[in-house]
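Peer 1: sequence unavailable; structure follows:
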């Protein structure tokens, strides 16, 4: 007995796994659509670009080494005073004097010691630029959710319609068989049977159209998720109302990233007005050398080296700094204005959707009663037809009314789920 139970539970578990694999959920479609969307590849490009730019900024702290060669012809050079030269001539000392043709070749090294934080803020600007670019991509990709959800719920609605129409066809066929018996018994006419058959063919035409649309929507969904759905069914989602009505849309994150970028640019402007300190060294071989007297005594090439610390201060930054800061403040104010407008429009849209959801819930409650009443009326009409109280036209009207009530109920249920999804997308909750 225990073995039988074990086999039963094992079979049930395997059936559950197979059934789960044969179903597709809305969340799965949304994730796959995002992964498959061509724009998603830009995120990697933004990361790579940011790394390259940060690497270039960091290289600014590496020593700058340069080779140089120089040759000049001058109309005047440093020379001994005439009196000193006359004294040297009396002692027999020959003074060639400095040549007006001068040349040298060497190596120069520059190393930044302190840049006032300018490179730090340049790195911050590049990171903020990368974050802004990613936020822009998030904003551009976000509408894909609405598109996929609209397709998904359209498929669910078509499935409901096809199921309900098939039930109506079965009901009509049952009544057609009943009327056929009544025709054989002489109670009804052939036109009554023809009327039912014509209605069956009309419903089958509508069912064919629904199946065609159903296949088209599934093909579009397959393109979005880049996957063959095959015979997999779509699961009707259980969607809860958002617990928080505060908007968390990606547009708000984009506004934040834009403000942060302006703030970092403002800090970089301040840093550009601070003096910079650096170390330098120069080694060259040429004439004249650093020892000017020796170069005036002899015109031989000499080895020379010097090193030190230098301070540079770009005064031009003061001229444009205040104007640049004012432009950034104005740009940030415009961004804040855009944020307020977006929040206002977003609140209006979410308020409308909240109202629509409440209205649909009340309509669905009424739909349940309408379907029940239409069913009662149709069953009563079938009984009246059997007793010859009403004709076939009246019965068809009652069947059509019931079918429309059932379809409206299914439509409103799907519409409620879709509206809740739209509200969650509006708030990004």
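Peer 2: Happy to help now that I have it. Because the structure is predicted, anything quoted here is derived from the model rather than measured. Numbering: from 1, shown residues only.

Peer 1: which secondary structure elements does the helix or strand encompassing residue 407 sit against?
Peer 2: Residue 407 is part of helix 392-427 when elements are defined by DSSP states H and E. When contacts are defined as 3 or more Cβ pairs under 8 Å, 6 or more residues apart in numbering; DSSP states H and E, helix 392-427 packs onto helix 144-184, helix 190-225, helix 316-386. The way it works is simple: take the backbone N, C-alpha and C, and place the C-beta from them, glycine included.

Peer 1: so which of the ones you listed is the most packed in?
Peer 2: Among those, helix 144-184 has the highest mean neighbour count (mean count of other Cβ atoms under 10 Å), at a mean of 18.

Peer 1: report the distance from it to the chain centre.
Peer 2: 39 Å (Cα atoms, centre = their mean, to the nearest Å).

Peer 1: try stretch 174-187
Peer 2: Its chain's C-alpha centre and that of stretch 174-187 lie 63 Å apart, by Cα atoms, centre = their mean.

Peer 1: give me the contacts around it.
Peer 2: Contacts with stretch 174-187, where a contact means Cβ atoms under 8 Å, 6 or more residues apart in numbering, come from 188-190, 192-193, 196-197, 200, 382, 385-386, 388, 392, 395, 399.

Peer 1: try 10 Å this time
Peer 2: Contacts to stretch 174-187, defined as Cβ atoms under 10 Å, 6 or more residues apart in numbering, come from residues 188-197, 199-200, 378, 381-382, 385-388, 392, 395-396, 399.

Peer 1: stretch 79-95 too?
Peer 2: Stretch 79-95 is contacted by residues 97, 98, 293, 296, 297, 298 when judged by Cβ under 10 Å, 6+ apart.

Peer 1: 7 Å - rerun?
Peer 2: Residues outside stretch 79-95 that contact it (Cβ atoms under 7 Å, 6 or more residues apart in numbering): 97, 98, 296, 297.

Peer 1: measure that stretch end to end?
Peer 2: In stretch 79-95, first residue to last residue: 10 Å (Cα to Cα, to the nearest Å).

Peer 1: so how far is that stretch from its chain's centroid?
Peer 2: Centre to centre, stretch against its chain (Cα atoms, centre = their mean), the figure for stretch 79-95 is 83 Å.

Peer 1: averaged pLDDT, that stretch. What do you get?
Peer 2: On average, the pLDDT along stretch 79-95 is 72.

Peer 1: swap in stretch 375-394?
Peer 2: Averaging pLDDT along stretch 375-394 gives 82.

Peer 1: quick one: contacts of that stretch?
Peer 2: Under Cβ under 7 Å, 6+ apart, the answer for stretch 375-394 is 175, 179, 187, 192, 195, 196, 395, 398, 399, 402.

Peer 1: kindly reformat these as JSON lines containing distance to residue 415.
Peer 2: Shown next, in JSON lines, are the contacts of stretch 375-394 (distance: Cβ to Cβ, whole Å):
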{"residue": "175", "distance to residue 415": "31"}
{"residue": "179", "distance to residue 415": "36"}
{"residue": "187", "distance to residue 415": "43"}
{"residue": "192", "distance to residue 415": "37"}
{"residue": "195", "distance to residue 415": "33"}
{"residue": "196", "distance to residue 415": "32"}
{"residue": "395", "distance to residue 415": "30"}
{"residue": "398", "distance to residue 415": "26"}
{"residue": "399", "distance to residue 415": "24"}
{"residue": "402", "distance to residue 415": "20"}
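
Peer 1: quickly check those for the two that are furthest apart.
Peer 2: 187 and 402 (23.7 Å; Cβ to Cβ).

Peer 1: more neighbours: which of the two?
Peer 2: residue 402 (23 against 14; other Cβ atoms under 10 Å).

Peer 1: my read is that that one contacts residue 370, right?
Peer 2: No - counting by Cβ atoms under 7 Å, residue 402 sits too far from residue 370 to count as a contact (9.3 Å).
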